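Undergrad: Give the three-dimensional model of this entry:
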Amino acid sequence: MGKFFTILDLGVAALNKNIAVFGMISGVTLAFVNVVLRYAFDASITWAGELTNYLFMWGALFGAAYGFKKGIHITVTLLLAQLSPIFAKALLIFSTTISTVYLIFMAYFGYGLVMILVDLEEISVDLNIPMWIPSLVLPLAFGAAAFRAGEKIYEISITDADDVLKKAEDEIIHDMTAMSAGEEK
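TA: Take a look at the predicted model:
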């Protein structure tokens with residue numbers, strides 16, 4: 001069973017990271033090309049603005065889901081450092097559980113929105129595609145983020161209480177060092 005979760009973990013990480021990178025790079029490129037066309041040639045791509053918005057939306061939400069795995073979301077450990085290790089660990093598990101439940105609700109309601117858009121058969125103005133397609137980002141990205149937050153709960157629960165805060169701080173320091181060196185963790 002451990003191998004299955006390892007493969008699933010790698011698949012979700014690759015999906016999150018690749019969609020985030022593709023969305024951001026494509027959105028910036030498309031916006032740049034459209035600006036150059038508009039100001040240099042007095043022409044523009046009519047659907048570029050709408051597609052750029054969707055690309056940024058997909059990139060940002062999948063990037064946020066990827067951030068749960070990397071531990072790059074804001075964490076304030078000042079209060080936790082003042083608590084006993086066992087209570088700090090319990091509080092971390094509780095807060096991460098609240099986040100996971102929220103993300104699951106967002107994925108569920110995002111799915112509901114997609115189903116409503118499918119029923120309404122609404123079409124986007126510029127791209128002329130069904131609106132449920134760009135809206136798929138909501139259940140997919142929030143579902144991936146919920147999976148990542150669930151992984152974090154498991155990770156915290158198997159870590160010794162004395163090491164929970166130290167491990168979180170070490171991850172932050174390692175990630176900052178790796179980013180400044182241009183490496184991947």
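Undergrad: can I assume Ala145 is in contact with Gly63?
TA: No: with contact defined as Cβ atoms under 8 Å, Ala145 does not count as touching Gly63 (10.2 Å). Every residue, glycine included, has its C-beta placed from N, CA and C.
Undergrad: In terms of packing, which of the two has more residues around it?
TA: Ala145 (28 against 18; other Cβ atoms under 10 Å).
Undergrad: Please compute how far the helix or strand that contains the more buried one lies from its chain's middle.
TA: Element membership for Ala145 (DSSP states H and E) is helix 137-158. With Cα atoms, centre = their mean, to the nearest Å as the basis, helix 137-158 stands 10 Å off its chain's centre.
Undergrad: Show residues contacting that helix.
TA: Residues from elsewhere that reach helix 137-158, judged by Cβ atoms under 8 Å, 6 or more residues apart in numbering: 9, 12, 15-16, 54, 57-58, 61-62, 64-66, 68-69, 71, 89, 92-93, 96-97, 99-100, 103-104, 106-111, 113-114, 164.
Undergrad: Can you select the buried ones from the residues you listed in PyMOL?
TA: The buried subset of those, as determined by 16 or more other Cβ atoms under 10 Å, is captured in PyMOL by this line:
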select buried, resi 12+15+16+54+57+58+61+62+64+65+66+68+69+71+89+92+93+96+99+100+103+104+106+107+110+111+113+114+164
